[in-house]
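**Q** Got a sequence here, can you model it:
(one chain, ligands or ions: 2)
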Amino acid sequence: MQKLAIQGGYRLKGEVKISGAKNAALPIMCASLLTADALHLSNLPDMHDVKTMVRLLQQMGVRIASGDQTATFNAGAVDKLEAPYDMVKTMRAAILVLGPLLTRFGEARVSLPGGCAIGSRPVDLHIKGLQAMGASIHIEHGYIHATAKRLQGARICFDLISVTGTENLMMAGVLAEGVTVLENAAREPEVVDLANCLIAMGAKIEGAGSDKITIFGVDALHGAEYAVMPDRIESGTFLVAAAATGGQITLTGARADTLDNVLDKLREAGALIEVDGERISIAMNGRPRAVNLRTAPYPAFPTDMQAQFMAMNAIAEGSSKVVETIFENRFMHVQELQRLGALIEIEGNTAVIQGRAQLEGANVMATDLRASASLVIAGMVAQGETIVDRIYHLDRGYEHIEAKLSALGAKIRRIQ
Ligand SMILES: CC(=O)N[C@H]1[C@@H](OP(=O)(O)OP(=O)(O)OC[C@H]2O[C@@H](n3ccc(=O)[nH]c3=O)[C@H](O)[C@@H]2O)O[C@H](CO)[C@@H](O)[C@@H]1O
Ligand SMILES: C=C(OP(=O)(O)O)C(=O)O
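**A** Ligands and ions are numbered 1, 2, ... in the order given. Next up is the predicted model:
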């Protein structure tokens, strides 16, 4: 199994190009199932989840021609309306084929996505919404079996805000008969990116980015060209890494308007931040100040940045509280950060962190995607060598992270 070996104590310096967003690319790839025409995507990140989605769509019969960060998807000859367990278990976003398959073909068989280290992550809201649109759904042997003659527009109010739930029902609504209204919808930029791609394909959608999305069903979508938005979580991860190491870097091809809360927290920690179009520069002189945070749906602080900020707080001046309100088990990185000497205590959904001037290198194990990123950041500020095991989590959602960090001056290499 591959690991990362990190030698701590080097400040990040230089420029890094931000990749396309995992959490926008995956739903947008699923949108290719909604038309028999070609969907041409650019700015696709080179990472495992994107490759897994390519394989999942291919086994359904989608023809895919991949290029450098681009791919053309043609779902004109789909012959298998199924997402099997062995693919869904490695990537939760596979549940996003359910809405498109059902609305275009009237049938879908999708494995229930398993719980992962960050919480139980049910899909009851996806199922309830599709049932409200007239789908008949039963669960058997771990699979969701869904059928519908033609989905009917409906008014659906989410009990709680769900990003992929909103995306699945938005895709279901575009080919449904009549109008679908999603209330208490997720406002994440990735939902807006998906809506913009669907609109380019001929869908009629209003309100994406607000908590009420209205979808006017049409009979068919057509092909389109679309560029996936930059990854705000990758952007945030590099910015925090720069802040934690007392570095000075510039992100290129980034979108500051999707990062308001993260940039505010970094400023509060003492970072100097400048935004110039698609460039975001950060400079941190000395040790960051500890910052309190509370995760919540967009536009509040993202749960996908919680672990990385926790690593920064571990070496910051002062103490801080980090409250996780989205996932019930997203503190798995804490015991690994403690191996590096971090002083963190957990009380329910709150972590209390006493900043230390120095962490010490150690062997640690990655437990999920962003937990892995937090261990990499902690390793870069720890004294001596840190070995991060189980980096397949990291490879799911970061494009060439060790190459990008090395180019910024980090001492990091992949070992067997
Ligand atoms: C591929 C993708 O885009 N993943 C993101 C997406 O995950 P994902 O879409 O899975 O997360 P959700 O927004 O659905 O989850 C929010 C909360 O709702 C709960 N819930 C969700 C659906 C449901 O049917 N029932 C239910 O109870 C979840 O357990 C969680 O507690 O949003 C999360 C929250 O910003 C991010 O951390 C993930 O990176
Ligand atoms: C939790 C994440 O992803 P996923 O929903 O794909 O597990 C993430 O991107 O941090």
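
**Q** Which residue is the nearest non-sequential neighbour of whichever residue of the chain sits closest to ligand 2?
**A** Using C-beta to the nearest ligand atom, residue 304 is the residue of the chain that sits closest to ligand 2, at 4.0 Å. C-beta here means a position set from N, CA and C on the backbone, and glycine is covered the same way. In space, and not counting its chain neighbours, residue 304 is closest to residue 233: 4.6 Å by C-beta to C-beta, 6 or more residues apart in numbering.

**Q** Run a quick neighbour tally on the one you found.
**A** Burial measure for residue 233: 23 neighbouring residues, criterion other C-beta atoms under 10 Å.

**Q** Check which helices and strands the host helix or strand of it is in contact with.
**A** Taking DSSP states H and E as the criterion, residue 233 maps to helix 232-244. Contacts defined by 3 or more C-beta pairs under 8 Å, 6 or more residues apart in numbering; DSSP states H and E place helix 232-244 against strand 248-252, helix 260-268, strand 279-283, helix 306-314, helix 369-381.

**Q** about what we covered before: the residue of the chain closest to ligand 2 reaches residue 234, doesn't it?
**A** No: using C-beta atoms under 8 Å as the test, residue 304 is too far from residue 234 to be in contact (9.9 Å).

**Q** if we can go back for a sec, what's the angle between the helix holding residue 233 and strand 279-283?
**A** Orientation check (axes from the mean of the first three to the mean of the last three C-alpha atoms, to 10 degrees): helix 232-244 against strand 279-283 gives 30 degrees.

**Q** what's the distance between residue 350 and residue 56?
**A** Counting by C-beta to C-beta, to the nearest Å, the gap from residue 350 to residue 56 is 37 Å.

**Q** before we move on, what about residue 358?
**A** 44 Å.

**Q** Looking at those two, which one has more neighbours?
**A** Using other C-beta under 10 Å, the more surrounded residue of residue 358 and residue 56 is residue 56, with 25 against 12.

**Q** Excluding residues flanking it in the chain, which one is nearest the more buried one?
**A** residue 87 (4.7 Å).

**Q** So for the one you found, what's the pLDDT?
**A** pLDDT recorded at residue 87 is 89.

**Q** Which strand or helix spans it?
**A** Using DSSP H and E, residue 87 falls in helix 85-88.

**Q** Against which helices or strands is that helix packed?
**A** helix 48-60, strand 107-111.

**Q** So what touches that helix?
**A** Contacts with helix 85-88, where a contact means C-beta atoms under 8 Å, 6 or more residues apart in numbering, come from 52, 55-56, 59, 94-95, 110-114, 142-143.

**Q** Could you dump those into a markdown table and include distance to residue 19 and pLDDT?
**A** Output for the contacts of helix 85-88, formatted as a markdown table (distance: C-beta to C-beta, whole Å; pLDDT from 0 to 100):
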| residue | distance to residue 19 | pLDDT |
| --- | --- | --- |
| 52 | 16 | 96 |
| 55 | 20 | 97 |
| 56 | 20 | 97 |
| 59 | 25 | 97 |
| 94 | 21 | 95 |
| 95 | 23 | 96 |
| 110 | 27 | 97 |
| 111 | 28 | 96 |
| 112 | 30 | 92 |
| 113 | 24 | 84 |
| 114 | 26 | 66 |
| 142 | 33 | 93 |
| 143 | 33 | 96 |
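
**Q** ok, of these, which come out buried?
**A** Buried residues within these, defined by neighbour count using 16 or more other C-beta atoms under 10 Å: 52, 56, 94-95, 110-113, 143.

**Q** Residue 119: which of the residues you listed is nearest?
**A** residue 113 (11.9 Å; C-beta to C-beta).

**Q** how near is that closest one to ligand 1?
**A** Separation of residue 113 from ligand 1 (C-beta to the nearest ligand atom, to the nearest Å): 8 Å.

**Q** Also residue 118?
**A** Following C-beta to the nearest ligand atom, the distance that separates residue 118 from ligand 1 is 7 Å.

**Q** doesn't residue 333 make contact with that residue?
**A** No: between residue 118 and residue 333 there is no contact, the gap being 10.2 Å when judged by C-beta under 8 Å.

**Q** of these two, who's got more company?
**A** residue 333 (29 against 24).

**Q** Make a markdown table from the helices and strands packed on helix 232-244 and add distance to ligand 1 and mean pLDDT to it.
**A** Converted to a markdown table, these look like this (distance: least, C-beta to the nearest ligand atom, whole Å; pLDDT from 0 to 100):
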| stretch | distance to ligand 1 | mean pLDDT |
| --- | --- | --- |
| strand 248-252 | 20 | 98 |
| helix 260-268 | 13 | 98 |
| strand 279-283 | 21 | 98 |
| helix 306-314 | 9 | 98 |
| helix 369-381 | 8 | 97 |
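
**Q** Go through stretch 131-139 and flag the buried ones.
**A** 132-133, 135, 137.

**Q** Which of these fall in helices?
**A** residue 132 (DSSP state H).

**Q** can you pull the contacts of residue 414?
**A** Residue 414 touches 2-5, 391, 402, counting by C-beta under 8 Å, 6+ apart.

**Q** how about a cut-off of 10 Å?
**A** Neighbouring residues of residue 414 by C-beta atoms under 10 Å, 6 or more residues apart in numbering: 2-5, 391, 395, 401-403.

**Q** Show me what from the chain comes close to ligand 1.
**A** Residues of the chain lying close to ligand 1 (C-beta under 6 Å from any ligand atom) are 23, 26, 92-93, 119, 121-126, 160, 162-165, 190, 303-304, 326-327.

**Q** Which among these count as buried?
**A** 23, 26, 92-93, 121, 123, 125-126, 162-165, 190, 303-304, 326-327.

**Q** Now intersect these with the helices, please.
**A** Among those, the members found in helices (DSSP H) are 23, 26, 125-126, 163-165, 190.

**Q** quick check, nearest of the residues you listed to residue 81?
**A** residue 126 (16.3 Å).

**Q** picking up where we left off before, list the buried residues in the helix holding residue 87.
**A** 85, 87-88.

**Q** Likewise for stretch 10-25?
**A** For stretch 10-25, by 16+ other C-beta under 10 Å, it's 10-13, 16, 18-25.

**Q** From the residues you listed, list the ones also adjacent to ligand 2.
**A** Restricting the buried residues of stretch 10-25 to those near ligand 2 - C-beta under 6 Å from any ligand atom - leaves 22-23.

**Q** Can you tell me which of the buried residues of stretch 10-25 comes closest to residue 223?
**A** Closest to residue 223, out of all of the buried residues of stretch 10-25 and judged by C-beta to C-beta, is residue 25, at 17.6 Å.

**Q** Give the full set of residues in contact with the residue nearest to residue 304.
**A** By C-beta under 10 Å, 6+ apart, the contact set of residue 233 is 21-23, 190, 258-259, 262, 302-305, 308, 369-370, 373, 397-398.

**Q** Alright, calling it a day.
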